[in-house]
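[1] make a model of this:
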Amino acid sequence: MAQACRLYLITPPQLEVEEFIPQLEEAFSGGDVACLQLRLKKPDGGKIDDQTISDAAKAIIPICQKYDVQFILNDNPELAKKIGADGVHVGEEDGSVENARKIVGEHMVVGCSCYDSKHRAMEACEQGADYVAFGAFYDTQTKAKIRRPSPDILKDWSQFTEIPCVAIGGIKPDNLVPLVKAGADFIAVVTGIWNHPDGTKTAVAKYNQAISNTSL
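    From the prediction side, this is the model:
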């Protein structure tokens, strides 16, 4: 896709909304961010109840709108539609893209985790996905099971289709160059933003600088 690579932020799996909102505002003030995905999980990986997610979304969505950042909800198409999200992201255990598209309609974004599988990505696009995500490309704290694709999957995908692709998994400013050069349209980041020792504004600025320094 003929566009500059952009940041796709994903929330920490556990957060206190009142403490998170200032971090989020700070992050968005650090530079360009395309999307924020709300992905909440219990410490054991279990699902969070809908009311807790709705309450968090209610506080976060206005911040996203203020900074023109798309708000994507993880896992739950029904709830994404109910709360007025811009889109929904589905993984391997969250039902099909086809089902998600039926629930949210034609005007919401639907994304899909495809790990190391171009076949899954092609099926997702046939079912109506607006973007696909590949990874984890590097070691990551947020996923117990690691399927490690090569950056070549991004190159092959970008040559095959104009559907955008997201690179995810342990990506930092000093290791994103091969992924951007290979054709990633978005770089997804979790801990690299929220756990940055100099704060979220500095983190976003450093990622954006690294992306802009990388010639495609």
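[2] phi, psi of residue 112?
    Main-chain torsions, residue 112, degrees, to the nearest 10: phi -140, psi 130.
[3] ok, which stretches of this protein are helices?
    17-28, 50-66, 77-83, 97-104, 118-126, 152-160, 177-182, 191-194, 200-212 (DSSP state H).
[4] out of the ones you listed, nearest to residue 6?
    When these are compared for distance to residue 6 using Cβ to Cβ, the nearest one is helix 200-212, at 7.6 Å. Every residue, glycine included, has its C-beta placed from N, CA and C.
[5] just to revisit the earlier point, so which of the helices of the chain gets nearest residue 7?
    Minimum separation from residue 7 across the helices of the chain (Cβ to Cβ) falls at helix 200-212, 5.6 Å.
[6] can you check what angle separates that closest one from helix 17-28?
    Interaxial angle of helix 200-212 relative to helix 17-28 (axes from the mean of the first three to the mean of the last three Cα atoms, to 10 degrees): 40 degrees.
[7] so for helix 200-212, what gets flagged as buried?
    200-201, 203-208, 210-211 (16 or more other Cβ atoms under 10 Å).
[8] ok, so of these, who is nearest residue 90?
    Taking Cβ to Cβ as the measure, residue 90 lies nearest residue 207 of those, at 25.1 Å.
[9] return the residues in contact with that closest one.
    Going by Cβ atoms under 8 Å, 6 or more residues apart in numbering, residue 207 touches 7, 31, 173, 176, 187, 189, 192-193.
[10] okay, those residues in JSON lines with pLDDT and distance to residue 141 next?
    Below are the contacts of residue 207 laid out as JSON lines (pLDDT from 0 to 100; distance: Cβ to Cβ, whole Å):
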{"residue": "7", "pLDDT": "98", "distance to residue 141": "18"}
{"residue": "31", "pLDDT": "98", "distance to residue 141": "23"}
{"residue": "173", "pLDDT": "97", "distance to residue 141": "17"}
{"residue": "176", "pLDDT": "97", "distance to residue 141": "17"}
{"residue": "187", "pLDDT": "98", "distance to residue 141": "17"}
{"residue": "189", "pLDDT": "98", "distance to residue 141": "12"}
{"residue": "192", "pLDDT": "97", "distance to residue 141": "10"}
{"residue": "193", "pLDDT": "98", "distance to residue 141": "13"}
